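A.B. asks: I'd like to go over a predicted model; first the sequence, then the structure.
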Amino acid sequence: MADYTKEEIKRIEDKWRNKWANDQIYTVSNDSSKPKCYVLDMFPYPSGAGLHVGHPLGYFASDIYARFKRLKGFNVLHPMGFDAFGLPAEQYAIEHGVHPAKSTQENILTYKRQLGKIGFCYDWSREVQTCDPSYYKWTQWIFLQLFDSWFNRKTNKAERITTLTWIFENEGNAEYPTPNQKSKTQKFTAAEWKALNQKQRQEILMEYRLAYLAYTDVNWCEALGTVLANDEVINGVSYRGGFPVVKKQMRQWSLRITEYAERLLKGLDEIDFSDSMKEIQRNWIGKSVGAELEFEIQHLKFNIKVFTTRPDTIFGVDFMVLAPEHELVKSITTQEQKTEVDNYLKYVESRSEVERMAEVKKITGVFTGTYAINPLSGKKIPVWISEYVLAGYGTGAIMAVPCGDERDFKFAKHFNIPVTNIIGSHYTGNEANPTKDAVLENSGFLNGLIMSKAIDVAIGELEKRKIGKRKVNYKMRDAGWSRQRYWGEPFPVIYRDGMPYPMNENELPLTLPDTDNFKSSGNGEGPLANLNEWINVSDNAKRDSNTMPTHAGAAWYFLRYMDPHNEKEFAGKKALDYWNQVDVYIGGSEHAVAHLLYSRLWVKILHDLGYLNFDEPFKKLINQGKITGDSRFVYRVRGTNKFVSSGVKDKYETDELRTDVNIVNGLELDTEAFKKWRPDFVSAEFILEEDGKYICGSAIEKMSKSYFNVVNPDKVIDAYGADTLRLYEMFLGPLEASKPWSTSGIDGVYKFLRRFWNLFHDSNGNVNVINAEPTHEELKVLHATIKKVEQDINNFSFNTSVSAFMICANELSSMKCNKQKILEPLTIALSPFAPHIAEELWEKLGHSDSVFNASYPKFDEQYLTESSFEYPISINGKVRAKMNFALDMPKEDIEKIVLASEVVQKWSEGKPPKKVIIVPGKIVNIVL
RNA sequence: GCGCAUGUGGCGUAAUUGGUAGCCGUGCCAGACUUAGGAUCUGGUGCCGAAAGGCGUGGGGGUUCGAGUCCCUCCAUGCGCACCA
């Protein structure tokens, strides 16, 4: 005997969580005749702050989906783990002297305790932690597979390095140029290859490996003492901490992701990600199609190679621009211009990345004194240097067409370079016109052609004359893979004579050595460089002092879940084949380019090497919205300890302070709690509103510890229970939408659960369910609900399914329905959303097995079919009346009755209608 | 600047995909019960209007018998990219 009260909720929820754990009902087998379904959450980085109410939003959705699929007869893999390596733990260690391993484990425990209280159906026996040696052994192993692979552009896939050495031994590299265009490695014959020594061969192979070591321009962050990947640098400062980042040449590990640019792009067409997510990835990959061609330098034997997407405009080239870093700058600068060029180069060097980005519009540049020859028109054009041309994109040099390109135009105007018009009246002389629709003029053999058509003609001519060729360019760079940090996976290689050699598989894992010194060793080396014994394996054998980025562990964790305890392989073939792709992946959109691209890359490589029979990891991706915080402000009179309520604050000079949202009810501050909140406020005084309340200001912003606007799910669970929290977060709105946290409305969800509970109980709290046959109306409510909820789950529209349950409970309550044949299927349908209450009620209905071993109820259309319909009768599109007709009534009969009706007569004033539209089962519209 | 997404009552949202705009919840108003409470139950609640009726899905225009939904255009907000040749 019990009501659905706070105490009863706690009893029920504790009872079932313990029972589920003891019975291991969420343990999933790899061996099943059932169809599989893999439902995955992005595993969290276990931060010291613990979970707030925003974190589990996506977990609720995946939990509901996983439970639903289980009830629908699927064998569901729904695991959880921790992205446990990473910068914050290491920063914390430097600041507080706590070993990252220790703080990480503590944080993980907090997370697991919090997650446990919410009642997720994770199979914890499959938990992975990326910092665990038994896990990162395989991260290192996969890295070695990448090291031992190259991308064969002819087969369009990764192959083992042995196939490459075979090619070199038999035919040299004539057909297989190095992927990096700027490489110093020339073409060589088989004989030349054979004549090379071991180190020379290794250096060449390094130019092809998918994980390779090279001097690259890296993003060096002095404050963090590490290199950052492109996606970790935002507007010239570090993603974490916002520290300045500079370009620096360092010998670093990189992943040759650029070789996969095309496949990563094409793969997007096969996977179900949101349009914006695909767009972000496409943008990041940045494919552009055009031509590469060479301009001769007058009087010198150099050629300048440029990339252009608009070869049709080649007769409009008025000058050329090289990036200041371009290797030919020094060689082509004339004596007269030398000083000016040197000064400019110094200026460019002095500018930080941040300044350069902030002053995008500023036009700077300098003439080299040299002229180039347009290969098609033969025209002599000046060669300039400017920082608006980026060394890293294309060839680092452009042909400038000021009549068609805005930046070229501004540059030409700024430096008084004459502009050639090749598009007639489309060019006004006041601004560039980037059109492709104009008919070309002043363009030699292209005259009279529409520009879009001329592109191919121009490329054809360039190819015919062997001065250029069709070319695809990608914005994406190879991914920097070294971090000068401690808390990450060590690289499983040993350097001999400066070249890295892979460790043997049976020597893995190369475990992270213990230390209490996490400070960078300087010189761009990581903290591991301080550990001489570990670094120096022998006199001429050294380890790498860097570690891998957190992306490494996260790039494949979804594969490890399939077979987490396998000591022989990263995962067994059978498990990989069975579980296959992740069917539904739910997580934040902030991982759009890094994590998702690296995961997709690793899966493609493992697929090419024969380990996986799928080459996209995630079939469907859903990005849950962020739950933002709703901050509260108090206003302190400057220089005092007096706090003014927001309604009267304008009479004083005040400072705005954030206060803890947990001591504010709505906007009303609990002034006593505020005094106790911090020692400085013990003696605070308050200037209140007329009604004696202290009203706070508010703002929607990021949920963050430092804003005091964090709401801990534990608090909500204490007040309402986990089921209410789950339902409430789903009820807030569409999963993908971001929304501020607010508890207004949570009562409504709680009331629904109580109403549902009351259907099973009499007014004394005793179970009262009868075995009578349900009425048609009751069955209609049941089946409408089942249909709607099932549809909504399949569309990940959980807010509407919660609403459907509410409607159902409201209707059954007013029918006073307590029939087992109605309540039992409803309990199953509700169980994915509110597992604890459903399991308790399921038991009360007399079941000894878990509700999660039941089958999802089948909805039956026959209860939903109606024989008649209440037609809205609209006149000129406005509804004026409603009339009930049988659904099979002929249109003519309906028309007669409707036209004869009083309402229509009134509106038509006796005139015959112009038109009558009758859509059976929908509407009647009369046009007067 | 370019790309993507979004815009509906006081608030969170819904609309079977071109067919009754505002479901469900909250808030608010009124009432009932009452041990007076941040409990429960009942009714009302888009806006204007006494009513008839009119207006109404960011603004303007269009297609249609009919538009929140489709098309054009403008505006606002959010996210991403940003001298990418």
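C.D. replies: Structure received. This is a predicted model, so every value here is computed, not measured.
A.B. asks: CA only for contacts and neighbour counts going forward, please
C.D. replies: OK.
A.B. asks: which SS class is A:W220?
C.D. replies: Taking DSSP: H, G, I helix; E, B strand; the rest coil as the rule, one finds A:W220 in the strand state.
A.B. asks: With A:I64 as the reference, measure out to it.
C.D. replies: According to C-alpha to C-alpha, to the nearest Å, A:W220 and A:I64 sit 44 Å apart.
A.B. asks: A:D893: helix or strand, and which one exactly?
C.D. replies: helix A:891-900 (DSSP states H and E).
A.B. asks: pLDDT averaged over that helix - what is it?
C.D. replies: For helix A:891-900, the mean per-residue pLDDT is 86.
A.B. asks: Which positions within that helix qualify as buried?
C.D. replies: A:I894, A:E895, A:V898, A:L899 (16 or more other C-alpha atoms under 10 Å).
A.B. asks: Which stretches in the stretch 151-300 of chain A count as strands?
C.D. replies: Counting by DSSP state E, counting those that start in this stretch, the stretch 151-300 of chain A has these strands, from start to end: A:157-160, A:211-221, A:226-228, A:233-234, A:237-238, A:246-255, A:287-297.
A.B. asks: Including mean neighbour count, could those go into a markdown table?
C.D. replies: What follows is those, written out as a markdown table (neighbours: other C-alpha atoms under 10 Å):
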| stretch | mean neighbour count |
| --- | --- |
| strand A:157-160 | 20 |
| strand A:211-221 | 20 |
| strand A:226-228 | 26 |
| strand A:233-234 | 17 |
| strand A:237-238 | 20 |
| strand A:246-255 | 18 |
| strand A:287-297 | 20 |
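A.B. asks: what's the neighbour count on A:T775?
C.D. replies: 11 (other C-alpha atoms under 10 Å).
A.B. asks: Which one of the buried residues of helix A:891-900 is nearest to RNA strand B?
C.D. replies: A:E895 (13.7 Å; C-alpha to the nearest atom of the strand).
A.B. asks: contacting residues for the closest one?
C.D. replies: By C-alpha atoms under 8 Å, 6 or more residues apart in numbering, the contact set of A:E895 is A:V916, A:I918.
A.B. asks: ok, so what distance separates it from A:V903?
C.D. replies: With distances taken as C-alpha to C-alpha, A:E895 is found 13 Å from A:V903.
A.B. asks: still on that earlier bit, tell me which of the strands of the stretch 151-300 of chain A sits nearest to RNA strand B.
C.D. replies: strand A:287-297 (5.7 Å).
A.B. asks: could I have the closest one exported to PDB, CA atoms only?
C.D. replies: This file holds the C-alpha atoms of strand A:287-297, laid out as PDB (Å, rounded to 0.1, in the frame of the first residue of the first chain):
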ATOM      1  CA  LYS A 287      37.400  20.200 -51.800                       C
ATOM      2  CA  SER A 288      37.800  22.500 -54.800                       C
ATOM      3  CA  VAL A 289      38.300  21.500 -58.400                       C
ATOM      4  CA  GLY A 290      40.300  23.500 -60.900                       C
ATOM      5  CA  ALA A 291      43.600  23.500 -62.700                       C
ATOM      6  CA  GLU A 292      47.200  23.700 -61.800                       C
ATOM      7  CA  LEU A 293      49.400  25.600 -64.200                       C
ATOM      8  CA  GLU A 294      52.900  27.100 -64.500                       C
ATOM      9  CA  PHE A 295      53.900  30.600 -65.300                       C
ATOM     10  CA  GLU A 296      57.500  31.200 -66.600                       C
ATOM     11  CA  ILE A 297      59.500  33.900 -64.900                       C
END
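A.B. asks: quick one: is it near RNA strand B?
C.D. replies: Yes: judged by C-alpha under 7 Å from any atom of the strand, strand A:287-297 comes into contact with RNA strand B through A:S288, A:G290.
A.B. asks: Can you tell me what sits against the helix or strand following that strand?
C.D. replies: Going down the chain from strand A:287-297, the next helix or strand is strand A:303-308, by DSSP H and E. With contacts defined as C-alpha under 8 Å, 6+ apart, strand A:303-308 is touched by A:290-297, A:394-399, A:471.
A.B. asks: how many neighbours does the spatially closest residue to A:F273 that is not a sequence neighbour have?
C.D. replies: Nearest residue to A:F273, sequence neighbours excluded (C-alpha to C-alpha, 6 or more residues apart in numbering): A:L621, at 4.9 Å. By other C-alpha under 10 Å, 21 other residues sit near A:L621.
A.B. asks: In its sheet, which strands sit next to the helix or strand containing A:L621, and in what direction?
C.D. replies: Assigned by DSSP H and E, A:L621 belongs to strand A:621-623. Using DSSP bridges, the strands paired with strand A:621-623 in its sheet are strand A:584-587 (parallel).
A.B. asks: What average pLDDT does the partner strand get?
C.D. replies: The model assigns strand A:584-587 a mean pLDDT of 94.
A.B. asks: which outside residues touch the helix or strand following that strand?
C.D. replies: The helix or strand immediately downstream of strand A:584-587 is helix A:594-608, counting by DSSP H and E. Taking contacts as C-alpha under 8 Å, 6+ apart, the residues outside helix A:594-608 that touch it are A:146, A:157-159, A:231, A:257, A:260, A:264, A:281, A:551-552, A:554-556, A:612-617.
A.B. asks: how does it look with 6 Å?
C.D. replies: With contact meaning C-alpha atoms under 6 Å, 6 or more residues apart in numbering, helix A:594-608 is reached by A:K157, A:A158, A:H551, A:A555, A:L612, A:N613, A:D615, A:E616.
A.B. asks: How about the closest residue to RNA strand B within chain A: which residues does it bridge to?
C.D. replies: Relative to RNA strand B, the nearest point of chain A is A:T308 (2.7 Å; C-alpha to the nearest atom of the strand). Counting by DSSP bridges, A:T308 forms beta bridges with A:A291.
A.B. asks: From A:T258, how far off is it?
C.D. replies: Taking C-alpha to C-alpha, one finds A:T308 at 19 Å from A:T258.
A.B. asks: Also A:L164?
C.D. replies: A:L164 is 19 Å from A:T258, by C-alpha to C-alpha.
A.B. asks: Please apply the same query to A:R543.
C.D. replies: In terms of C-alpha to C-alpha, A:R543 sits 27 Å off from A:T258.
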